[in-house]
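Q: below are the sequence and a predicted model; questions follow.
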Amino acid sequence: MIVYHGTTRRAARQIARDGFQPRSPSRRVWFSRGKSYAKQRAHSKSRHTRDRPVVLAVDLDLKALRQRYGSRQVRESSGIISIRGDIPASSLRSHHGLGLPETAEEIARWVNAVLGVKAHKGVSARHEGVLRLTRWIDNRLATRPNARLGEKELLARAAQWIPDRFAGVEIDFEHLRVWPKVAREAEAQQAAFEIPAPVDRREEEAIDCLESDKPQRQVRGLQLLADLDDPDLFEWCVLLLGESQPQSAVGILKVMRHCEDVQPEVLVPYAESEHKAVRGAAIEVLVLRSGEEAPKWFWRGLTDPVPHVRLSAAKFLDRLDPRTHRDSFEAALYDPHPQVAQAARKLTQHMGFEPLAW
């Protein structure tokens, strides 16, 4: 079965080398059946890292993975697949946007990433060695378009043509990193005496809760992941939403308010739910986390026929500018529910909003 994984270019290169490896605190690798979802997750991650978005296509045999890791460690719901275990790089089938850096700016960023230095302290895109690397890559692609050009070869050329940046370091070509020669020896000596860092007990509790069949325990696990700033929190919420009943869906949606990036289209069915509590909880997530689409969801919530849903949107009205979104504030000001109207009045005093005269 072909599934997709949205990530960044830098992370994709590591995956191509080492495969997919679970990371703390939730210790899962994630895939989606839909390419569009993976593409949106890739763009979300790229915004935070200022890297290129990449979508990887992966061939998975879920039956074989369940036999290998256990049925509870391979889960699927709402088109989201969660696996607690390694997935080898050999599972990769195709990708979009993955490859070697080509422009001078990309090469400079790549070299600085290998060196572990920030851009303002690293090599410039105008460095003669970087420009030489750019010409070399262009020539290789033009004259031998089907030949394989690997990062190890690029790193060797970088060390040769940018010698001032690689002076005094030991190059690890296998893992594409460098080590100060003196620090390398000191680190080896220190490692022999290091005591492993203690595992946060909340991680273990979160995993136990998420693997439970009890909805309240699952919501507790999500709350712990939110406290731990787990970057996979949104995927966990989507996975569990697909398995949930209305009561537990409300709890999951409340935790989802802590997610930095959400895909609004995933939440649309819940924002249109017949259950007012589910609808209100979904509206709260969308007004908080849907970015440029938030005003649309404020209007949807404030004009809902059920007071509970209108209150869900009204309590976050301070995130809207009354001058820019006058229609939403007027809808709230004239709402028959006193708490909705009061929330709008506090934010529109002395702004020319007139009370409705009957």
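A: Okay, I see it.
Q: which residues of the stretch 51-200 of the chain fall in strands?
A: 53-59, 74-77, 80-83, 92-96, 169-172, 177-180 (DSSP state E, counting those that start in this stretch).
Q: single out the most deeply packed of the ones you listed.
A: Neighbour counts (mean count of other Cβ atoms under 10 Å) averaged over each of the strands of the stretch 51-200 of the chain peak at strand 80-83, with a mean of 24. Placement of C-beta: from N, CA and C, glycine included.
Q: check contacts around the nearest residue to Arg47 once chain neighbours are set aside.
A: The shortest distance from Arg47 to any non-neighbouring residue, by Cβ to Cβ, 6 or more residues apart in numbering, is to Asp261 (7.8 Å). Neighbour list for Asp261: 41, 44, 47, 234, 289 [criterion: Cβ atoms under 8 Å, 6 or more residues apart in numbering].
Q: show me the shaky parts of the stretch 1-150 of the chain.
A: Residues of the stretch 1-150 of the chain meeting the criterion pLDDT under 70: 94-100, 145-149.
Q: quick revisit: sec struct for the residue nearest to Arg47, please.
A: Assigned with DSSP: H, G, I helix; E, B strand; the rest coil, Asp261 falls in the coil class.
Q: what pLDDT does it get?
A: The confidence metric pLDDT takes the value 80 at Asp261.
Q: so for Glu265, which of the strands of the stretch 51-200 of the chain sits nearest?
A: strand 80-83 (13.5 Å; Cβ to Cβ).
Q: show me what the closest one is packed up against.
A: When contacts are defined as 3 or more Cβ pairs under 8 Å, 6 or more residues apart in numbering; DSSP states H and E, strand 80-83 packs onto strand 29-32, helix 62-69, strand 74-77, helix 233-241.
Q: could you redo the last one with a cut-off of 10 Å?
A: Packing partners of strand 80-83 (3 or more Cβ pairs under 10 Å, 6 or more residues apart in numbering; DSSP states H and E): strand 2-8, strand 29-32, helix 62-69, strand 74-77, helix 233-241.
Q: follow-up on the earlier one: what distance do you get for the residue nearest to Arg47 to Thr134?
A: 33 Å (Cβ to Cβ, to the nearest Å).
Q: again with Ala282
A: Counting by Cβ to Cβ - Ala282 and Thr134 are separated by 48 Å.
Q: looking only at neighbour counts, state which of the two leads.
A: Neighbour comparison, Ala282 and Thr134: the larger count goes to Ala282, with 29 against 19 (by other Cβ atoms under 10 Å).
Q: name the element that one belongs to?
A: In the assignment (DSSP states H and E), Ala282 maps to helix 276-289.
Q: so for that helix, mean pLDDT?
A: For helix 276-289, mean pLDDT is 96.
Q: domain map for this protein?
A: Under the assignment automatic domain parsing, the domains of the chain span 2-96, 104-191, 202-348.
Q: looking at the helices and strands packed on strand 80-83, which is closest to Glu128?
A: strand 2-8 (28.7 Å).
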